[in-house]
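Student: pasting the sequence and the predicted coordinates here, then a few questions.
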Amino acid sequence: MNTASTIGARDHARAQAANADWSVPAPPAGVDPDSVTWAEQIPADGYATRVLGRGTKLRLTDPQGRGCAHLIVLRAEAPWERLNVADTVKVPWQAYLGVGHPLLSDQGRVLATIVADTSSQHDTLCGASASGRALLTRGAAKHGLGPREVGPTISFFRGVHVGSDGSLDVLGRRGAGAYVELIVHLPLIVLLANAPHPLDPTPTTPLDIVAWGEPATLTQLPNTDPEYQRAVENTESAWAAAQNWSMA
């Protein structure tokens, strides 16, 4: 199609929109549709980004079983504070993600906690592929952030295990319909890319995102480890200070 003229460019853009898949995931059973703040499907080799408030629950679902969700989260009001993957695996003494695992910043604060997980096939070791990083960089730009803000990621739905000799083994995928849920502790910029894993180049299939307000989850956290509790206390102190500052 000729896009050299304004009319040609318009017709091309409208043709692309006509062929786009505008599927919107339904909220999970029992979730009030009016409480949903984000519902989107990320196509293969696509990305999505949103600012989510404290007390938001975020569900990522792999409906066809071949998605790979590369995730970065940054504190919305202070994006210099962002996901620190090293601390995320060091403080809980565990590199393998599951229910109760915090996503920590380098300030010792909990940005989000995993509160449900039917996959268990995730990775904190390899980061995003080159295509995934390029997609995350695009998402970051929408918030005025540059490539330097796109640090190490965690990846959901494609697992990696460390062998006894230090080798990295791909665990594969759980299958269609697996999901993971996180509760947001501090207002966050969420960057997500759906791209192949560095060790598993299998093309991806779409990912579903649904987010809704559920602040009561912050009082029912599924982790009693002392390291986690200290991080939560640090987080709550920072949140209270931010609220006091905003009211001053």
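Tutor: Looks like it arrived, so ask away.
Student: contacts only, for the residue nearest to the spatial centre of the chain.
Tutor: Taking CA atoms, centre = their mean, the centroid of the chain lies closest to Leu71, which sits 3.8 Å from it. Counting by CB atoms under 8 Å, 6 or more residues apart in numbering, Leu71 touches 83, 153-156, 190-192. In short, each C-beta sits where N, CA and C put it, glycine included.
Student: with Val170 instead?
Tutor: 158-160, 197, 199-200.
Student: where along this structure do the helices fall?
Tutor: Taking DSSP state H as the criterion, the chain contains helices spanning 6-19, 85-90, 130-141, 226-247.
Student: now for the longest one, which elements pack on it?
Tutor: Other elements packing on helix 226-247 under the criterion 3 or more CB pairs under 8 Å, 6 or more residues apart in numbering; DSSP states H and E are strand 102-104, strand 110-117.
Student: quick one on the thing from earlier: of all the contacts of Leu71, which two lie farthest apart?
Tutor: Ser155 and Val190 (14.6 Å; CB to CB).
Student: for the residue located most distally from the centre of the chain, give its distance to Val232.
Tutor: For the chain, the largest distance from the centre (CA atoms, centre = their mean) belongs to Ser5, which lies 39.5 Å off. The spacing between Ser5 and Val232, counted by CB to CB, to the nearest Å, is 58 Å.
Student: try Val31
Tutor: 24 Å.
Student: most neighbours per residue, which of the helices and strands packed on helix 226-247?
Tutor: Highest mean neighbour count among these (mean count of other CB atoms under 10 Å): strand 102-104, with a mean of 26.
Student: and that strand, what does it pack against?
Tutor: Against strand 102-104 (3+ CB pairs under 8 Å, 6+ apart) you get helix 85-90, strand 110-117, helix 226-247.
Student: quick one: closest of those to Gly67.
Tutor: strand 110-117 (14.5 Å).
Student: and the angle for that closest one with helix 226-247?
Tutor: 130 degrees (axes from the mean of the first three to the mean of the last three CA atoms, to 10 degrees).
Student: from now on call the first residue 18
Tutor: Right, with 18 as the first residue, what we last looked at is strand 127-134.
Student: and strand 127-134, what other elements does it pack with?
Tutor: Checking 3+ CB pairs under 8 Å, 6+ apart, strand 127-134 ends up next to strand 73-79, strand 86-92, strand 119-121, strand 195-201, helix 243-264.
Student: now these in CSV, with mean pLDDT and distance to Pro232?
Tutor: Output for the helices and strands packed on strand 127-134, formatted as CSV (pLDDT from 0 to 100; distance: least, CB to CB, whole Å):
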stretch, mean pLDDT, distance to Pro232
strand 73-79, 98, 8
strand 86-92, 98, 18
strand 119-121, 98, 17
strand 195-201, 98, 9
helix 243-264, 87, 12
